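> fold the following and give me the result.
(one chain, ligands or ions: 1)
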Amino acid sequence: MRFDVLTLFPEMFRGPLDASILGRARQAGLIDIVIHDIRDYAEDRHRTADDYPYGGGAGMVLKPGPVFRLVDSLCPGWEKAPRGTGSKIPGLWLVYLTPQGRPLDQATARRLAGVDRLVLLAGHYEGTDERIREALVDEELSIGDYVLTGGEIPAMVVIDAVARLIPGVLGQEVSPLEESFTEGLLEYPHYTRPADFRGLRVPEVLLSGNHERVRRWRRKESIRRTLERRPELLLQARLTREDHQLLRELLEESGAGSVSAEAQAGPAAPDGDEEGRKAGSGPDQAC
Ligand code: 9D3
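Purely as a prediction, here's the structure:
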């Protein structure tokens, strides 16, 4: 699979895409990532790629000329060719990274992993000339509801999420297929040796050697974490009959479904050994 990135800041991509798993996948020829500097396709000696917005207002707008010429270089004669697989430019799928895009999710990453040639246009300006979107952009993606300085890091996030789904890229590491087993739930807690670290003990069940107990405990802890941190995921998760039983146990333990002792009696008074100090109050010991 080939990724082309269109950006005003190509230097931001030196490093992250060369290291670790992505670096190895590139070396192995499993993926090809080409970074293009939009300014290389400007026609003036100042290499101008953006300009003031028609109608006035703050900020700059990415000019159509350099981006169209860059796309011409990727796919010569694309404007005359018949439109192929539903994309605007035959043979490639062009994604624009913008805060206005649909939030990236795992299903989108899976779909994009099926594309032969993915072109990522990173915004780093107030906006792009609308004709770029109309003529070139197949899909607009955001990576979440927070404000970044540009689309470069989001483009790297998309490459990372998509590339690891390409067969061979993860190598010895966990197969992405394996994830479908627990899909929709958060991971259970992990422990390694020693069994007692500074008095912090590994749960007894994990030392028991009883594989059935271990499996059930892990499944229950997955459901516990999901319930505590991402309850909305539980509504989507495909839960088995056993999962529903584990969920009932968790709700039972938390006192849901019946009136809890705390709801009846009010908050408990501090234990005697707290000597009247309120737990959590006062400055923490600095390191
Ligand atoms: C102050 C600028 N804002 C005025 C309404 C709009 C704005 C434009 C461009 C805010 C941020 C950016 C730069 N961000 C991206 O290009 C971007 C992004 C993001 O900020 N968050 C999550 N996903 C993405 S994808 C591209």
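> run through who's touching the helix ranked longest in the chain.
Using DSSP state H to define each element, the chain has its longest helix at helix 211-229. Helix 211-229 has contacts (C-beta atoms under 8 Å, 6 or more residues apart in numbering) with 182, 185-189, 203, 205-206, 208, 233-234, 237, 239, 242-243, 246-247, 249-250. In short, each C-beta sits where N, CA and C put it, glycine included.
> that helix: what's the following helix or strand?
Sequence order places helix 231-236 as the next helix or strand after helix 211-229, per DSSP states H and E.
> buried stuff in that following helix?
Residues residue 234 are the ones in helix 231-236 that count as buried (16 or more other C-beta atoms under 10 Å).
> average pLDDT for that helix?
Here helix 231-236 scores 96 as its mean pLDDT.
> distance from the longest helix of the chain to the middle of the chain?
Centroid separation between helix 211-229 and its chain, computed with C-alpha atoms, centre = their mean, to the nearest Å, is 24 Å.
> looking at the contacts of helix 211-229, which are in helices?
Using DSSP H, the contacts of helix 211-229 in helices are 205, 206, 233, 234, 242, 243, 246, 247, 249, 250.
> now the third one: how far from residue 20?
Counting by C-beta to C-beta, to the nearest Å, the gap between residue 233 and residue 20 amounts to 28 Å.
> check the fourth one too.
Counting by C-beta to C-beta, the gap between residue 234 and residue 20 amounts to 32 Å.
> ok, residue 121 - contacts?
6, 67, 94, 95, 96, 97, 128, 132, 136, 137, 151.
> switch to 6 Å and redo it
6, 96 (C-beta atoms under 6 Å, 6 or more residues apart in numbering).
> quick check, it in a strand?
Yes - applying DSSP: H, G, I helix; E, B strand; the rest coil, one finds residue 121 inside a strand.
> test of understanding: give the bridge partners of it.
Taking DSSP bridges as the rule, residue 121 bridges to residue 6, residue 96.
> how many other residues sit next to the residue nearest to residue 170 when sequence neighbours are not counted?
Spatial nearest neighbour of residue 170, chain neighbours left out: residue 164 (5.7 Å); criterion: C-beta to C-beta, 6 or more residues apart in numbering. For residue 164, the count of nearby residues is 18 (other C-beta atoms under 10 Å).
> so how far is residue 194 from residue 164?
Distance from residue 164 to residue 194, by C-beta to C-beta: 32 Å.
> go on, residue 6?
51 Å.
> the more surrounded of the two?
Shown here are residue 6 and residue 194; by other C-beta under 10 Å, residue 6 has more neighbours (28 against 10).
> pull the contacting residues for that one.
Residue 6 makes contact with 36, 38, 70, 121, according to C-beta under 6 Å, 6+ apart.
> up against the ligand, what does this protein have?
97-99, 123, 126, 142-144, 146-151, 154 (C-beta under 6 Å from any ligand atom).
> nearest to residue 53 among these?
For the residues of the chain next to the ligand, the residue nearest residue 53 by C-beta to C-beta is residue 126; the value is 7.4 Å.
> what sits closest to the closest one if chain neighbours are left out?
Nearest to residue 126 is residue 59, by C-beta to C-beta, 6+ apart, at 2.9 Å.
> isn't that neighbour right next to residue 127, touching?
No - contact criterion C-beta atoms under 6 Å: residue 59 and residue 127 do not qualify, at 7.2 Å.
> before we move on, back to that, mind giving me the ChimeraX select for the contacts of helix 211-229, buried ones only?
Filtering the contacts of helix 211-229 down to the buried ones (16+ other C-beta under 10 Å) takes a single ChimeraX command:
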select :185,186,188,206,234,237,239,243,246,247,250
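> tell me the domain ranges of the protein?
Domain assignment of the chain by automatic domain parsing yields the ranges 2-163, 196-269.
> secondary structure element for the closest residue to residue 67 other than its chain neighbours?
Nearest non-adjacent residue to residue 67, counting by C-beta to C-beta, 6+ apart: residue 132, 5.3 Å away. Residue 132 belongs to helix 130-136 when assigned by DSSP H and E.
> let me see the mean pLDDT of that helix.
98.
> against which helices or strands is it packed?
Secondary-structure packing of helix 130-136 (3 or more C-beta pairs under 6 Å, 6 or more residues apart in numbering; DSSP states H and E): helix 64-74.
> residue 240 and residue 185, how far apart?
11 Å.
> wait, residue 26
32 Å.
> kindly report the same for residue 220.
For residue 220, the distance to residue 185 - C-beta to C-beta - is 11 Å.
> the nearest residue to residue 93 once chain neighbours are set aside - how many residues pack around it?
Leaving aside its sequence neighbours, residue 93 sits nearest to residue 115 (C-beta to C-beta, 6+ apart; 4.6 Å). Around residue 115 there are 18 other residues, counting by other C-beta under 10 Å.
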